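*Asks:* Pasting a predicted model and its sequence here:
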Amino acid sequence: MHYPPRFVLLSSIVLVLGLTAGCGKKSQTAAAPAVAQKQPVEVVNVVRRDLAESLNIVGSLAANESATIRPEITGLVRAISFEEGQQVKRGQLLAKIEDAELRATVTQSEARFELAKLNLQRAENLQLTQANTKADMDRTHSEYATAQADLELLKVRLDRTEIKAPFDGIVGSRTLSPGDYVNPQSVVTTIDDLSRMKIEFQVPERFFAKVAPGTKFIVSARSSGNTGRPDQKIAGEVYFVSSSIDRATRSSQVKGYLTAAPAGLKPGMFANIELVLSIKQGALTVPEGAILTTPRGAQIIAVRDEKGDKVADFISVKLGLRSKGLVEIEPVNAKLEDQQSVVASGVGALILFQGAKLDPRPLKEQFRVGGGD
């Protein structure tokens, strides 16, 4: 059947409108609201603990006592009485300088002293009978005192021909041999007392007021026999703080004793030092990964109960001390208790908002800090 063109056009319009209406119904069905999904998050508890403010610096180990051994007089070395690396006692003979001439001079001086002593005795006997004058008596006393002083001086010089250990310790390498001619500038050897170890380090000016004798520290050092193992932790205590600041480095020299240094540590070795400046007791702490930095300041995301669900609650906080992956926090205009659950990590990458539903899960053990709280 043949239809006029106007009828064909109207039929097409009706058909298109019908299809459009059908599609509209389908769209409305697809756009129906879905059930809100819960965001899986790892959580950890806020913990109140003692938090230490510490400073990590590098120091140099030193012996308890260390000395360079030099002769006090000039002469030929007659004998060396120690082995390199030997443990020696205080007063032990290390080297001997030729003393034949001095011994002869001492013998001569002893004879003069004995004569002066006899003369003094005669003068005193004569004085009892007033057979000599006061001037004779004074001259005899002077000769006796002079002879005694000369003898004592020579004995001191003779004693200096023996080079002895000033304290217990270990001697280093020797630089002389028998027959060498020495003077007070010549070095015989060195000696180190390793019964107790010291450590020397520099503290920056800004921390100077927080360091004093008695301040505790921990030294991390790897001894020569500890290759391939973790550094040893050794406790120590400051015993000296310089009274001035070095203008070149803007730091102050500090020294401390190690309480029980392992045998493998040697003077001159470098070591890492954790210096405990202060301890804040009962501080609220969270892992560093739980801090969310925003234009309005630092925040944490607490996990709250709301109508049977766990939801996100953004809390503004002030940050305090940081120590070993932990941060001290102080809530701003909000209540935050000890053991409150907070989102532990990835807070900057998670898509969260105030009131968002959460699926909290414990933080994995390998990511825990501060004793696994």
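*Replies:* Happy to help now that I have it.
*Asks:* Can you pull the domain assignment for the chain?
*Replies:* Dividing the chain into domains by automatic domain parsing, as the record does, gives the ranges 39-50+283-367, 56-63+195-280, 71-96+163-187, 99-160.
*Asks:* For the last one, measure first residue to last.
*Replies:* End-to-end distance for domain 99-160, by C-alpha to C-alpha, to the nearest Å: 9 Å.
*Asks:* Within its sheet, name the partner strands of the helix or strand containing Ile57 and how each one runs.
*Replies:* Ile57 belongs to strand 47-69 when elements are defined using DSSP states H and E. Pairing partners of strand 47-69, with direction, according to DSSP bridges: strand 189-204 (antiparallel), strand 270-287 (antiparallel).
*Asks:* Which residue ranges of the chain form helices?
*Replies:* Secondary structure of the chain by DSSP state H: the helices cover 5-30, 100-128, 134-159.
*Asks:* Can you spell out which helices and strands pack onto the last one?
*Replies:* The contact analysis (3 or more C-beta pairs under 8 Å, 6 or more residues apart in numbering; DSSP states H and E) places helix 134-159 against helix 100-128. From N, CA and C alone the C-beta is placed, and that goes for glycine too.
*Asks:* same check, this time on the longest one
*Replies:* In this structure, helix 100-128 packs against helix 134-159, with contacts taken as 3+ C-beta pairs under 8 Å, 6+ apart.
*Asks:* Run the angle between the helix it packs on and helix 100-128 for me.
*Replies:* 160 degrees (axes from the mean of the first three to the mean of the last three C-alpha atoms, to 10 degrees).
*Asks:* For helix 134-159, buried residues please.
*Replies:* By 16 or more other C-beta atoms under 10 Å, the buried positions in helix 134-159 come out as 140, 143-144, 147, 150-151, 154.
*Asks:* How about stretch 191-208?
*Replies:* When burial is assessed from 16+ other C-beta under 10 Å, stretch 191-208 yields the following buried residues: 191-194, 197-199, 201-203, 207-208.
*Asks:* Out of those residues, which two sit at the greatest distance?
*Replies:* For the buried residues of stretch 191-208, the maximum inter-member distance is 35.1 Å, found between Ile191 and Phe207 (C-beta to C-beta).
*Asks:* So the spatially most central residue of the chain versus Thr249, what's the distance?
*Replies:* For the chain, Ile273 is the residue whose C-alpha lies nearest the centre (C-alpha atoms, centre = their mean; 1.9 Å). Applying C-beta to C-beta, to the nearest Å, the value for Ile273 to Thr249 is 16 Å.
*Asks:* what does Ile170 give?
*Replies:* For Ile170, the distance to Thr249 (C-beta to C-beta) stands at 32 Å.
*Asks:* who has more neighbours, these two?
*Replies:* Under the neighbour definition other C-beta atoms under 10 Å, Ile170 and Thr249 were set side by side, and Ile170 has more, 15 against 11.
*Asks:* Read off the pLDDT value for that one.
*Replies:* Ile170 carries a pLDDT value of 94.
*Asks:* So it sits against Glu83, correct?
*Replies:* No: in this structure Ile170 lies outside contact range of Glu83 using C-beta atoms under 8 Å: 10.7 Å.
*Asks:* lowest average confidence, helix or strand, in this protein?
*Replies:* When the helices and strands of the chain are compared on mean pLDDT, DSSP states H and E, helix 5-30 comes out lowest with a mean of 37.
*Asks:* okay, how far is it across stretch 321-328, tip to tip?
*Replies:* End-to-end distance of stretch 321-328: 5 Å, with C-alpha to C-alpha as the criterion.
*Asks:* mind listing what's buried in that stretch?
*Replies:* Residues of stretch 321-328 classed as buried under the neighbour-count rule (16+ other C-beta under 10 Å) are 321, 323, 326-328.
*Asks:* Contacts for that stretch, please.
*Replies:* Counting by C-beta atoms under 8 Å, 6 or more residues apart in numbering, the neighbours of stretch 321-328 from elsewhere in the structure are 49, 51-54, 280, 283-288, 290-291, 319-320, 369-370.
*Asks:* what do you get for stretch 134-146?
*Replies:* Under the criterion C-beta under 8 Å, 6+ apart, residues 113, 116-117, 119-120, 123-124, 126-127 lie in contact with stretch 134-146.
*Asks:* Also stretch 204-219?
*Replies:* 53, 55, 59, 199, 203, 233-241, 245, 250-252, 254, 256, 258, 271-278.
*Asks:* now do stretch 188-196
*Replies:* Among residues not part of stretch 188-196, those counted as contacts by C-beta under 8 Å, 6+ apart are 63-71, 82, 84, 88, 94-95, 163, 165-176, 182, 257-258, 261, 267.
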